[in-house]
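S.K.: no sequence for this one, just the structure:
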């Protein structure tokens, strides 16, 4: 099992550009989560999906952020337009019902 | 809604000493409780979890935690710290009837030679 796979590992972009982060969950896991981690705010849950359906997106900071899960093996988190304050590490995690989460290695986003 | 409080954002111990990282939770329904470890520039890795049954759970790397309902606590311990234990540790809680996990602010463990 390759675990949760995130790409890219690092992303540097200019303010105003669109950024797309990608995640492939573990096969058989029916829930997928997007988190953002910063020194100031710690780990924040942005959105999560059950069976490809968004359940709770109350953590998405602004309309500039959007997430999709078109099928059980792929999800994207998009920021458009990006701003310097979006700089953070973005983690994707997946789980089976009642299980612990398996995290990906994260995408370190820097917006300059 | 569930929440966790980790007491102490930084804990420093000497190599070979006892490690105790504190976590208290709040949950209106029976909780599932977790400890995760994060090494620099890596994702979070599950150390151990409590769902039901035995209240003392053992995890990887010699860590264990005890669920104490009366104290709403789930403290993480290890009898003898190793240099490789230096990392950030997160306590997390989720209700037994949903998939929404809430993390504490984390405790950074430093191990001195």
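M.R.: Yes, it's here. Values in this document were obtained by computation on a predicted structure and should not be read as measured data.
S.K.: ok and the residue in chain B nearest chain A?
M.R.: With CB to the nearest CB as the measure, the residue in chain B that lies nearest chain A is residue B:43; the distance is 3.6 Å. To be clear about C-beta, it is placed using only N, CA and C from the backbone, and glycine gets the same treatment.
S.K.: what's the neighbour count on that residue?
M.R.: A count of neighbours around residue B:43, defined by other CB atoms under 10 Å in any protein chain shown, yields 22.
S.K.: And for residue B:24?
M.R.: For residue B:24, the count of nearby residues is 18 (other CB under 10 Å).
S.K.: With chain A in mind, check whether the helix or strand containing it reaches it.
M.R.: Secondary structure from DSSP states H and E places residue B:24 in strand B:19-26. No: looking at strand B:19-26 against chain A by CB under 8 Å from any CB of the partner chain, there are no contacts, and the closest approach is 14.3 Å.
S.K.: Now do the buried residues in that strand.
M.R.: When burial is assessed from 16 or more other CB atoms under 10 Å in any protein chain shown, strand B:19-26 yields the following buried residues: B:19, B:21-25.
S.K.: swap in stretch B:61-68?
M.R.: Of all the residues in stretch B:61-68, those buried under the rule 16+ other CB under 10 Å are B:63-65, B:67.
S.K.: from those, which are also near chain A?
M.R.: Of the buried residues of stretch B:61-68, not one also sits near chain A (CB under 8 Å from any CB).
S.K.: Run through who's touching the worst-scoring helix or strand of chain B on mean pLDDT.
M.R.: Here the helix or strand of chain B ranked lowest by mean pLDDT, DSSP states H and E is strand B:101-103, holding a mean of 87. By CB atoms under 8 Å, 6 or more residues apart in numbering or on different chains, the residues outside strand B:101-103 that reach it are A:33, A:42-43, A:45, A:101, B:1-4, B:34, B:36, B:90-94.
S.K.: strands paired with it, and their directions?
M.R.: Using DSSP bridges, the neighbouring strands of strand B:101-103 in the sheet come out as strand B:87-95 (antiparallel).
S.K.: Would you mind giving the orientation angle of the partner strand with respect to strand B:19-26?
M.R.: Using axes from the mean of the first three to the mean of the last three CA atoms, to 10 degrees, the direction of strand B:87-95 lies 30 degrees away from that of strand B:19-26.
S.K.: do you know how far residue A:50 is from chain B?
M.R.: As for residue A:50, its distance to chain B is 6 Å (criterion: CB to the nearest CB, to the nearest Å).
S.K.: what residues are up against residue A:71?
M.R.: With contacts defined as CB under 8 Å, 6+ apart, residue A:71 is in contact with residue A:52.
S.K.: With chain B as the reference, measure out to it.
M.R.: Remark: distance between residue A:71 and chain B (CB to the nearest CB) = 19 Å.
S.K.: How far away from the center of its chain is the strand holding residue B:24?
M.R.: Mean-position distance between strand B:19-26 and its chain equals 6 Å (CA atoms, centre = their mean, to the nearest Å).
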